[in-house]
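**Student:** Quick one: sequence and predicted model below, then my questions.
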Amino acid sequence: MFMRKIIISILLVLVVAFGIAQPKKIAALKINTTIKLDGSLDELIWGQAASATNFIQNSPQLGAPSSEPSKVSILYDDQAIYVGAYLYGKPQNIRKQLTARDGEQRKDVDYFAVFFDTYNDDQNAVQFLVTTRNVQSDARLLPNLTSQFGPPSDYSWDAVWESKVQMHADGWSVEIKIPYSALRFSKKEIQDWGVNFERYDRGSNENGYWNKIDPNQNGFVNQFGDLTGLQNIEPPLRLSLLPYVSAGSRSVPYANGITNKNFLRSGGMDVKYGVNESFTLDATLIPDFGQVVSDNVVLNLTPYEVQFQENRPFFTEGIELFNKSALFYSRRIGSTPEGYYAINNKVANNSNLSIISNPGISQLYNATKFSGRNKKKLGIGVFNALVAPTTATILDKTTGVKTNYETSPLTNYNILVLDQALAGRSSLTFTNSNVWRSGGSRNANVTGLDASLFDKTNTHQLIWNGRVSAISGVDNYTGFKNILAFAKVSGKVQYLLHTNIESDRYDPNDMGFLLAPNEFSGIARISYNQFKPTKKFLQYSYTLSLQPSYLYKPNVFTNFVISAKGFWFFKNFWDASVNIMIQPQWQHDYFEMRTAGLMIKRTGYFYTGVSGSSDSRKQFFFRYNVGFAESPIPNDAYISLNIAPRYRFDDHFSLDIDLKRDEDNGQYGYAFRNAAGVPIAGRRKVTSFTSIVNGIYNFNARMNISARARHYWSKVEYENFYNVLQNGGLSEIAFVPGKNQNFNVFNIDMFYTWDFAYGSRFIIGWKNWLGSDFNLPYESYKNYTTNARAVFQQPHGNEITCKLIYYLDYMKLKAKNPLKP
């Protein structure tokens, strides 16, 4: 009898464990009635549909039942899929801050989200989120994205869909209509989708999912439930047009007292055509990217290019396939012409010359994207962009002759991606990028193959990436890159072993981004992760990493860094991190002096940094970061301080301030070349200060005004100059005056945005910036306050524009004006 009880108990435990491990299922109900989208869920058909209930907390009490009940149902017809959610709770606890679209993160607002994995590949999904103020957010979930808090969402994607919200005495409800034009899925009689629902209650900082999301398991989409019942979907023709017109004025002052004034006008169109259920063609004709946030320009003293964020909508939406192999840096397209700076230098060195025109941005003729995934889970992506040639005009003031110089030729950018999703989150990806320039001065081709393989338990991952680059034209050379990595990606204890080899001639930079080739490096990392709450913490983690690096050719040592990090998320919803980095020996830097084979030694150092944030639910919230580094060299301290407060005045208006100061008292690096062309190194004190103010006022769910002001100041003071010896050592030379630098950047970006209809938008933009050729001399402006004051006394450029974008859906137009038989 005793053994029988034990056996029965074991069987019950196994049955329960097996049941918990299985994904939940919900059936969608097909309808032939009209749904009035008002958020009330009062149609009888909602009561006939299956319901998703029993949400499970992801935070703060991982695995516990959600504190408040939720009820979600799904309907569908041949035009759209409908999601209705009733979220129970006390009305006084519901948070209702107005936010911008895609801007609910860390704001004082509750929300509901639905996720669809339409190909059921456990890797790719889309997210549709609605706040209590009916503000929409939408995003793509990608396998190569990670997030410490919340889903790994890429909010750059925007779709056209509808939602309504209603408040009730026992909670709130939301009704969502997602047309099939916003989704991609394979053509099958019976659809098998992954699905999950999320509820976030800001007052208690509780977020829960219908199907449990376990942070100990690698991945997010692979932990969805199953959506059944989708049959015989006959989606309509997916064709939408997005025409736009824009107009404005720009004035640009110059140091010679001249102000150039231009009237701006443009018009164009974006076209989205659903080739079939799975594939979509996107095209932009004569695009206008004027109304985007200004780049965070800095004083770059390094030998490496600065990588800027992409803010142009066409290049941020629907490009996940093209980014998977990290061979696509879209800022290459329509960038500064290659000969732009040569023209400036030519005129600067000859007083008889002046610039009539020298465009700083290449004009994009058109760009197209074809992408999707078929029923065999093969993703196909083709991107193509054609950039116009750019010409500068120089005037010879002595002869009066104007001469044209081509600064950038007609250029075509193309990338092809084939991405096969395999079982268990594994994938195999082929990528080819190609850049063609008229005249044949430089063409480029890069081919990549990526394998990402997971075991059946999703515990271990094997990664291999192979790349080959080929440059042709004036110079002809090839190069390669290989990455091999093995990792334990799930569980409390995780680790990574990673090797990277880049040949000295590997060059993906015509369409991709690489700081520098010629590298043989490794990473060994181990971490301990506690996601379940303990007595003091909601979660915490510890990480230790070792990173040795060598040149590929010749095979010589360059650096070795040890780093450690601790992260703690407290029960009062504050968080803190401690970062420690140790470089125990001299670094051998072969890139800093901008001369092949010439190496400069950098001393070892010890760095400690502390960062964190307060409870973001509060009206006053702040982030901070403090860092300190020291080396054996006297007076060599590096100090960094960053404080970023945010104040929420009410549910409409909030203000963010971000202040950062860096001081490097003993930075050694390239300074200049002497008359003989020999590179000279210098020891310098570099001080920089960045001030950013962000404010937004939301009038309602679809209208706001936002403003961002940024002032960046950097001061460089040289103390000594050196010849660099062949062994990397330094030999001091006589001091060379006049090399100190004082650098200022100032921008204001202000936008009034009104989404007056779904997919349609009216924008008024104002941009203000410090004139590009105004320099404040170091001798007169040696601290931040004098520079900040002087910046406002200098002439500024101004640009004001209006832009109207109107969304046209073919099926809606056809319904209003049906063709006669």
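**Tutor:** That came in fine, so what should we check first?

**Student:** Show me what stretch 575-585 is in contact with.
**Tutor:** Here stretch 575-585 makes contact (C-beta atoms under 8 Å, 6 or more residues apart in numbering) with 559-570, 604-613, 627, 629. In short, each C-beta sits where N, CA and C put it, glycine included.

**Student:** So which of these belong to strands?
**Tutor:** Secondary structure defined by DSSP state E assigns 559-570, 605-613, 627, 629 of those to strands.

**Student:** Now the buried members of the residues you listed.
**Tutor:** 559-561, 563, 565, 567-569, 605, 607, 609, 611-613, 627, 629 (16 or more other C-beta atoms under 10 Å).

**Student:** Which helix or strand lies directly C-terminal to the helix or strand that contains His588?
**Tutor:** Assigned by DSSP states H and E, His588 belongs to strand 587-589. Of the helices and strands lying after strand 587-589 in sequence (DSSP H and E), the nearest is strand 600-602.

**Student:** Which other helices and strands does that next one contact?
**Tutor:** Secondary-structure packing of strand 600-602 (3 or more C-beta pairs under 8 Å, 6 or more residues apart in numbering; DSSP states H and E): strand 587-589, strand 653-673.

**Student:** Give me the sheet partners of it and which way each runs.
**Tutor:** The pairing partners recorded for strand 600-602 under DSSP bridges are strand 587-589 (antiparallel).

**Student:** Who are the contact partners of Ile286?
**Tutor:** Ile286 neighbours (C-beta under 8 Å, 6+ apart): Ser266, Gly267, Gly268, Met269, Tyr365, Asn366.

**Student:** from the middle of its chain, how far away would the strand or helix carrying the third one be?
**Tutor:** Here Gly268, judged by DSSP H and E, is contained in strand 259-274. Taking C-alpha atoms, centre = their mean, to the nearest Å, the mean C-alpha location of strand 259-274 is offset from the chain mean by 25 Å.

**Student:** which parts of that strand are buried?
**Tutor:** In strand 259-274, counting by 16+ other C-beta under 10 Å, buried: Ser266, Gly268, Met269, Asp270, Lys272, Tyr273, Gly274.

**Student:** and if you look at stretch 140-157?
**Tutor:** Quick answer for stretch 140-157 (16+ other C-beta under 10 Å): Arg140, Leu141, Leu142, Pro143, Gly150, Pro151, Pro152, Ser153, Asp154, Tyr155, Ser156, Trp157.

**Student:** Same question for stretch 635-646.
**Tutor:** Residues Asp636, Tyr638, Ser640, Asn642, Ala644, Arg646 are the ones in stretch 635-646 that count as buried (16+ other C-beta under 10 Å).

**Student:** farthest pair in the residues you listed?
**Tutor:** Maximum pairwise distance among those (C-beta to C-beta): 34.6 Å, between Asp636 and Arg646.

**Student:** Out of the helices and strands packed on strand 600-602, the one nearest Gly334 is which?
**Tutor:** Nearest to Gly334 among the helices and strands packed on strand 600-602 is strand 653-673; the distance by C-beta to C-beta comes to 28.2 Å.

**Student:** Report the next helix or strand after that closest one in sequence order.
**Tutor:** Immediately after strand 653-673, counting by DSSP H and E, sits strand 679-700.

**Student:** Sheet partners, orientation included, of the following helix or strand past that next one?
**Tutor:** Sequence-wise, the next helix or strand downstream of strand 679-700 (DSSP H and E) is strand 703-724. For strand 703-724, the pairing partners within the sheet under DSSP bridges are strand 679-700 (antiparallel), strand 730-733 (antiparallel), strand 741-757 (antiparallel).

**Student:** right, so of these, which gets closest to Asp282?
**Tutor:** Asp282 lies closest to strand 741-757 among the strands paired with strand 703-724, at 20.1 Å (C-beta to C-beta).

**Student:** Buried residues, the closest one. List them.
**Tutor:** Result for strand 741-757 [16+ other C-beta under 10 Å]: buried residues 742-755.
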